[in-house]
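> what follows is a predicted protein model with its sequence.
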Amino acid sequence: MKKHLIIGVLVLCCASMASAAIVTNFNQSAQYLRLLSRNASTDLDAVYYNPAGLTQLKDGFHIALYNQTIMQEKTVVNQFIFLNDSKYIGKVNVPFYPNFYAVYKKGPLALSFGFGPNAGGGSADYGTGLPSFETQIASIPALLSSGMPTTKYSADIYFKGSSIYFGFQVNASYAFSDFFSAAYGLRYIYAANGYEGHIKSIQINPTYPALGWTGQMLAAPTVFNTLAALYPPGHPNNLYYLSLAVSTGDKAVDAKQTGTALTQIFSLNVRPLKELNISARFEFNTNLEVKNKTTKDDTGMFPDGVISHNDIPAIFAIGVEYALMPQLRASFSYNLTFDKGAYWQGREQLVDSNSYDLAFSLEYDVTKSITVSAGYLRTKYGLSADYQEDSSFELSSHAYGAGGRIRLGEKLDIDLGGFLVNYQDFTKTIAYPSIGSFSEKYQQTTVGFSIGLGYHF
């Protein structure tokens, strides 16, 4: 039982944003939240989405600063018959999610820098733990009911996981002609994950008059140590109850993981017509290793100093933007994430197919100073039921974004946007030995808001 009464690893418990990438966040600008399709961008956020398109900026120095506020709720509903409560809710709050971009453009050459949370960006707080922690505790009364009626249990269970991958990106972009440009970039990744949690104060209510137990709540380790003492040392029952005493004792985890890596990025941009812009970007698989720095670990899951792999998968992205009329533009974006080619300590073998995004948007200039926009994003994952766990799950979704831009003269732009994500529930069946099979459902909601400033020198 000890194996199951432990704090589980949360691969990315944090805000998985409106994108199909299991690791990477594609929401890297205020414009993204209001459009959801940015792969053909020739604006300042092209530092991330389309570096080759930066050659279409005017000569000079350009900077942008964006922030997003994101709220997410992750819900797990487990129908295991002995649980006190079937619903577990994890709340993710990300009040600050900043992006910074800077571009220097002169003639055919553009040099740029970008910073942002390439993955993660918040923390998931499960105030009552997760079913994978509690179902083993909830089974105890059923184990003891024969000859020792036990109907209740209680426990103090808590888990909080945090994760953030900061990305520092530099690009060199060059226009070989008026309609064709290319770029090469490097992104330095600094990853930091944190895990805090405990399972403590496990109690049960056995009725066993010979020992003075009359149905009151008692500490589980005390109950099992007392029962173990009724048998000679080494007796099977003695060993069994001693193991239960150990496994129901208080446990806690306080561990951090950090690591660094480099991502190579190639980008192409083609503008065959004044009204049409086409882009392509490829990010190579990022070989990321993280190392444990453990303060406390009663579970054995985070040995201090151990290194594990958490790659960032390769990404292929294409984008198209077309001006239907001078004041109306439509765009299309497609992202394919090569999840099956990443190394996640073997978990990638549970991926059935690579995930992808499809996004469409419309942008309309109401006046020279005001632009409004709306976008739609379809996210599709190809994950097996065995991949999905209460501590780490990904759900296919439909996302909707809207917002606008205000131009304060020729130098300053203000972008405002927001998005809402509707996720598709996922249900799997879990078999509990000697008890039966029960369903577990995963649900999620996400909303986000953004504001951004762009300044052109």
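Now that the structure is in, tell me what you want to look at. All values reported here derive from a predicted model rather than from experimental measurement. Numbering: from 1, shown residues only.
> what about residue 294, how many residues nearby?
Neighbour count of residue 294, defined by other CB atoms under 10 Å: 17. C-beta: built from backbone N, CA, C; applies to glycine.
> and it, which helix or strand is it part of?
Taking DSSP states H and E as the definition, residue 294 sits inside strand 289-297.
> what's that strand packed up against?
When contacts are defined as 3 or more CB pairs under 8 Å, 6 or more residues apart in numbering; DSSP states H and E, strand 289-297 packs onto strand 251-273, strand 307-309.
> could you tell me the least trusted of these?
In terms of mean pLDDT, the lowest-scoring of the helices and strands packed on strand 289-297 is strand 307-309 (a mean of 91).
> okay, the helices and strands packed on strand 289-297, which one's buried deepest?
Looking across the helices and strands packed on strand 289-297 with neighbours counted as mean count of other CB atoms under 10 Å, the highest average goes to strand 251-273: a mean of 18.
> centre of the chain to it, how far?
Between the mean C-alpha location of strand 251-273 and the chain-wide mean there is a distance of 13 Å, by CA atoms, centre = their mean, to the nearest Å.
> ok, stretch 217-229 next?
How far stretch 217-229 lies from its chain's middle: 40 Å, per CA atoms, centre = their mean.
> I'd like to know the average pLDDT value across that stretch.
The average of the pLDDT scores along stretch 217-229 is 95.
> what does it contact?
Residues outside stretch 217-229 that contact it (CB atoms under 8 Å, 6 or more residues apart in numbering) are 140, 152-154, 201-206, 211, 213, 237-242, 244-246, 248-249.
> average pLDDT for the strand holding residue 294?
Taken as a whole, strand 289-297 has an average pLDDT of 94.
> that strand vs strand 251-273, what angle?
Using axes from the mean of the first three to the mean of the last three CA atoms, to 10 degrees, one finds that strand 289-297 and strand 251-273 are set 150 degrees apart in direction.
> how about the helices in the protein?
Taking DSSP state H, the helices of the chain run over residues 30-35, 46-49, 131-138, 140-144, 220-228, 236-247.
> quick one on the thing from earlier: the strand holding residue 294 pairs with which strands?
Based on DSSP bridges, the pairing partners of strand 289-297 within the sheet are strand 251-273 (antiparallel), strand 307-309 (antiparallel).
> wait, which of the ones you listed is closest to residue 448?
The closest of the strands paired with strand 289-297 to residue 448 is strand 251-273. By CB to CB, the value is 24.1 Å.
> who does the lengthiest strand in the chain touch, helix- and strand-wise?
For the chain, the strand that runs over the most residues, judged by DSSP state E, is strand 180-208. Counting contacts by 3+ CB pairs under 8 Å, 6+ apart, strand 180-208 is packed against strand 109-126, helix 131-138, helix 140-144, strand 150-175, strand 213-214, strand 218-219, helix 220-228, strand 251-273.
> figure out which of these is closest to residue 355.
strand 109-126 (14.1 Å).
> that closest one vs strand 251-273, what angle?
Our comparison of strand 109-126 with strand 251-273, counting by the same axes, to 10 degrees, yields an angle of 150 degrees.
> strand 109-126 - contacts with which helices or strands?
Where contact means 3+ CB pairs under 8 Å, 6+ apart, strand 109-126 is packed against helix 46-49, strand 60-78, strand 87-106, strand 150-175, strand 180-208.
> so what strands line up beside that strand?
For strand 109-126, the paired strands and their directions (DSSP bridges) are strand 87-106 (antiparallel), strand 150-175 (antiparallel).
> could I get the average pLDDT for the longest one?
What it means is strand 150-175. 92.
> tell me the angle of that strand relative to strand 180-208?
Taking the same axes, to 10 degrees, strand 150-175 and strand 180-208 form an angle of 170 degrees between their directions.
> now do strand 150-175 against helix 131-138, angle only.
170 degrees.
> which residues does the closest residue to residue 293 other than its chain neighbours contact?
In space, and not counting its chain neighbours, residue 293 is closest to residue 256: 4.8 Å by CB to CB, 6 or more residues apart in numbering. Under the criterion of CB under 8 Å, 6+ apart, the neighbours of residue 256 are 192, 193, 194, 195, 292, 293, 294, 295.
> about what we covered before: wait, which of the strands paired with strand 289-297 is closest to residue 331?
Between residue 331 and the strands paired with strand 289-297, the tightest spacing by CB to CB is seen for strand 251-273, at 13.6 Å.
> put the alpha carbons of that closest one into PDB.
Listed in PDB are the C-alpha atoms of strand 251-273, where the atom choice follows Å, rounded to 0.1, in the frame of the first residue of the first chain:
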ATOM      1  CA  LYS A 251       4.200  11.500   4.600                       C
ATOM      2  CA  ALA A 252       5.300  14.700   3.000                       C
ATOM      3  CA  VAL A 253       7.100  15.900   0.000                       C
ATOM      4  CA  ASP A 254       9.000  19.100  -0.700                       C
ATOM      5  CA  ALA A 255      11.000  18.900  -3.900                       C
ATOM      6  CA  LYS A 256      12.200  21.000  -6.800                       C
ATOM      7  CA  GLN A 257      13.500  20.200 -10.200                       C
ATOM      8  CA  THR A 258      15.600  22.500 -12.400                       C
ATOM      9  CA  GLY A 259      17.200  22.200 -15.800                       C
ATOM     10  CA  THR A 260      18.300  24.100 -18.900                       C
ATOM     11  CA  ALA A 261      18.300  23.400 -22.600                       C
ATOM     12  CA  LEU A 262      18.500  25.000 -26.100                       C
ATOM     13  CA  THR A 263      15.900  25.000 -28.900                       C
ATOM     14  CA  GLN A 264      16.900  25.600 -32.500                       C
ATOM     15  CA  ILE A 265      14.300  27.400 -34.600                       C
ATOM     16  CA  PHE A 266      14.100  27.900 -38.400                       C
ATOM     17  CA  SER A 267      11.600  30.200 -40.000                       C
ATOM     18  CA  LEU A 268      10.600  31.200 -43.600                       C
ATOM     19  CA  ASN A 269       8.300  33.900 -44.800                       C
ATOM     20  CA  VAL A 270       6.900  34.500 -48.300                       C
ATOM     21  CA  ARG A 271       4.700  37.400 -49.500                       C
ATOM     22  CA  PRO A 272       3.900  36.600 -53.200                       C
ATOM     23  CA  LEU A 273       1.200  39.200 -53.200                       C
END
